[in-house]
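Trainee: Sequence and predicted structure, then a few things I'm wondering about:
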Amino acid sequence: MPKLSLAKLERHLYAAADILRREGMDAATYKDFIFGMLFLKRCSDVFETARQEIIERSVADGMEVAEAEARYAINPDYYDDFFVPERARWSYLQEHLNDAGVAYGSVLDKALSALTEANESLEHVLDHIQFMRVQGNKRIVSDEACKDLVRHFSLYRLRNQDFQFSDLLGAAYEFLINMFAESAGKKGGDFYTPRDVIRLMVRILAPTPGLKVYDPTCGSGGMLIITREFIEHSGGDPTDLRLCGQVNDASAWSICKRTVERLETQKT
């Protein structure tokens, strides 16, 4: 299967925005709902890959599949990334698309809550994404739109090995910020620093191995990641580097945390 490119992912996210445009919501509101779907799909895809690997290793050691699932696959301690409870898994969301008598927005909200409860580092990060949110006396996102988003995000897998480059999600998040800032009549520069500008800043700084690099407004972590790439491309050891940052936007923080932590695990 071809790798997922940034251009293809951008078109995918733009098409998701088209689903929300039918709801008549303000353009500035799109980002959170699209990010919520993107985050759920990404976490689920990565988790299922890890889950399968855990089961396969156990079976290779002589264990039955059922026992491997019961003893290891449901234990959060065996996962390096986020643990995804059953009701937050993408397969569960797909299975409940046609449930009668249940608001599908609540299924998505419970999935986000379950993901948060299972992962301490996500506390309060996803609280602002509420598919059952009401404005006036009307839901902001209808159940049909929620279902259409799940069907749409089912089109592509979002595992690490499916990406053309490691920071694909960070770049896609910047695309979301820029697109919706323009739609809302605001300047994209008010929300993020363009990637070309970041590369220029890193080249001017010319970081070397052994440094601590701190970005006080790190967004999705672009400057931290490009700093690491700069050292690697310059022939230095990219693992001899400490990456630090902070940001007030919960969505951006969660992407940054996941990407940087994945880079950090490459040290071992």
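Mentor: Perfect, I can see it now.
Trainee: helix/strand/coil for the residue of the chain most remote from its centre?
Mentor: The centre of the chain is farthest from one residue, G62, which by C-alpha atoms, centre = their mean lies 35.1 Å away. In three-state terms, and counting by DSSP: H, G, I helix; E, B strand; the rest coil, G62 is coil.
Trainee: And the helices in the protein?
Mentor: 6-21, 30-60, 65-68, 90-95, 104-118, 143-153, 168-183, 195-205, 222-233, 250-265 (DSSP state H).
Trainee: Give me the nearest residue to M63, chain neighbours excluded.
Mentor: R71 (7.7 Å; C-beta to C-beta, 6 or more residues apart in numbering). In this view, the C-beta of every residue, glycine as well, is placed from N, C-alpha and C.
Trainee: doesn't V59 make contact with that neighbour?
Mentor: No: under the criterion of C-beta atoms under 8 Å, R71 is not in contact with V59, lying 11.8 Å apart.
Trainee: quick one: pLDDT of the spatially most central residue of the chain?
Mentor: Compute the mean C-alpha point of the chain, and by C-alpha atoms, centre = their mean the closest residue is F39, 3.8 Å away. Per-residue confidence for F39 comes out at a pLDDT of 89.
Trainee: That one contacts H128, doesn't it?
Mentor: No: look at F39 against H128 with C-beta under 8 Å: they stay out of range, at 12.0 Å.
Trainee: For stretch 122-133, give me every contacting residue.
Mentor: Contact with stretch 122-133 is made by 32-33, 35-36, 39, 82, 103-106, 108-109, 112, 115-116, 139-141, 146, 250-251, 253-254, as judged by C-beta atoms under 8 Å, 6 or more residues apart in numbering.
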